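Colleague: Give me a model of this one.
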Amino acid sequence: MRETHHHTFSTVDYEWTEQNVLFVKVNGFDAGRGKEFEGVVKFIEGVPFGDLIHVQKSSLSTSCRGALRAYLLNRYHNKDFN
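Modeller: Numbering: from 1, shown residues only. Below you'll find the model as predicted:
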């Protein structure tokens, strides 16, 4: 029987700077590529940036990149990083 894998994400750490920029270190599993990953995403005025979620620079599968972005935005809007 074939095993089904799902994307998984964990927030490792986060830090706010004096300029109100948030850095979030995340890790997880990209089910589309079958690989673990780790990286940092930066939030400026509520908008996430970084190679990990960048359309052209990310090594993550399209579905994982989108799910990770949604996961981080959800946590940001829920004020989990305050």
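
Colleague: Enumerate every residue touching residue 64.
Modeller: Applying Cβ atoms under 8 Å, 6 or more residues apart in numbering to residue 64 gives the contacts 7, 28, 30, 31, 32, 33, 37. Bear in mind the C-beta positions are built from the backbone N, C-alpha and C, glycine included.

Colleague: can we see that at 7 Å?
Modeller: 7, 30, 31, 32 (Cβ atoms under 7 Å, 6 or more residues apart in numbering).

Colleague: Could you save those as a markdown table and add columns showing distance to residue 66, secondary structure and pLDDT?
Modeller: A markdown table is the format used below for those (distance: Cβ to Cβ, whole Å; DSSP: H, G, I helix; E, B strand; the rest coil; pLDDT from 0 to 100):
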| residue | distance to residue 66 | secondary structure | pLDDT |
| --- | --- | --- | --- |
| 7 | 9 | coil | 97 |
| 30 | 11 | strand | 98 |
| 31 | 12 | coil | 97 |
| 32 | 10 | coil | 95 |
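
Colleague: which among the residues you listed end up buried?
Modeller: Burial by neighbour count, 16 or more other Cβ atoms under 10 Å: within the contacts of residue 64 this picks out 7, 30, 31.

Colleague: Report how many residues lie close to the nearest residue to the last one once chain neighbours are set aside.
Modeller: Excluding its sequence neighbours, the residue lying closest to residue 31 (Cβ to Cβ, 6 or more residues apart in numbering) is residue 5, at 4.2 Å. Applying other Cβ atoms under 10 Å, we find 11 residues neighbouring residue 5.

Colleague: Residue 5 should be in a helix, yeah?
Modeller: No - applying DSSP: H, G, I helix; E, B strand; the rest coil, one finds residue 5 to be coil, outside a helix.

Colleague: Any idea what residue 14 is bridged to?
Modeller: Following DSSP bridges, residue 14 is listed with bridge partners residue 24.

Colleague: quick one: contacts for it?
Modeller: 22, 23, 24, 25, 81.

Colleague: which sections of this protein are below the confidence cut-off?
Modeller: Across the chain, residues meeting the criterion (pLDDT under 70) sit at 1-4.
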